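Peer 1: Give the three-dimensional model of this entry:
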Amino acid sequence: MQIKELLREFGIRSNKLTPETTIQSLHMINDEVDDLLIKFSERFKVDMTGYVDAKFFLEDVHPLYRLRDLFYRIFKPEKIKRTPLTLDHLIKVAEKGKWFDPDDK
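Peer 2: Next up, the predicted model:
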């Protein structure tokens, strides 16, 4: 799986990676995820038009976002629910050559 090779470049060396593994479960910071997806789009020649980061990951730029997210985690967890981004989905996107949301079967 070429996606695993790409993840190795970011220090992810788990033999337990499966198609169902989510990028969120790898505990990468947002900048690392951004870099990963840029390299992904370049290496697999994927048009990422339509990709919306906030659909998959929480914002972590400003301390107020962290406080808001902590509040939501405690009192309104439904507000921070994010769509899982799996390795299987990235493989399908690479095969298609164009980004599509996991919900857009």
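Peer 1: can you give me the helices for this protein?
Peer 2: When secondary structure is read from DSSP state H, the chain shows helices at 2-8, 30-43, 63-75, 87-96.
Peer 1: among the ones you listed, which is the most enclosed?
Peer 2: Comparing those by mean neighbour count (mean count of other CB atoms under 10 Å), helix 87-96 ranks first with a mean of 17. In this view, the C-beta of every residue, glycine as well, is placed from N, C-alpha and C.
Peer 1: Alpha carbons of that helix, in PDB - could you do that?
Peer 2: Only the C-alpha atoms of helix 87-96 are listed here, as PDB (Å, rounded to 0.1, in the frame of the first residue of the first chain):
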ATOM      1  CA  LEU A  87      -6.700   5.200   4.500                       C
ATOM      2  CA  ASP A  88      -9.200   3.300   2.400                       C
ATOM      3  CA  HIS A  89     -10.800   6.600   1.400                       C
ATOM      4  CA  LEU A  90      -7.400   8.100   0.500                       C
ATOM      5  CA  ILE A  91      -6.800   5.000  -1.700                       C
ATOM      6  CA  LYS A  92     -10.100   5.500  -3.500                       C
ATOM      7  CA  VAL A  93      -9.400   9.200  -4.000                       C
ATOM      8  CA  ALA A  94      -5.900   8.300  -5.400                       C
ATOM      9  CA  GLU A  95      -7.500   5.800  -7.800                       C
ATOM     10  CA  LYS A  96     -10.100   8.400  -8.900                       C
END
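Peer 1: Could you dump the helices of the chain into JSON lines with distance to F56 added?
Peer 2: As requested, the helices of the chain are arranged in JSON lines below (distance: least, CB to CB, whole Å):
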{"stretch": "helix 2-8", "distance to F56": "16"}
{"stretch": "helix 30-43", "distance to F56": "8"}
{"stretch": "helix 63-75", "distance to F56": "14"}
{"stretch": "helix 87-96", "distance to F56": "10"}
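Peer 1: Mean pLDDT lowest where, among these?
Peer 2: Mean pLDDT is lowest for helix 63-75 among these, at a mean of 74.
Peer 1: so how far is it off the chain centroid?
Peer 2: Remark: helix 63-75 is offset 20 Å from the chain centroid, using CA atoms, centre = their mean, to the nearest Å.
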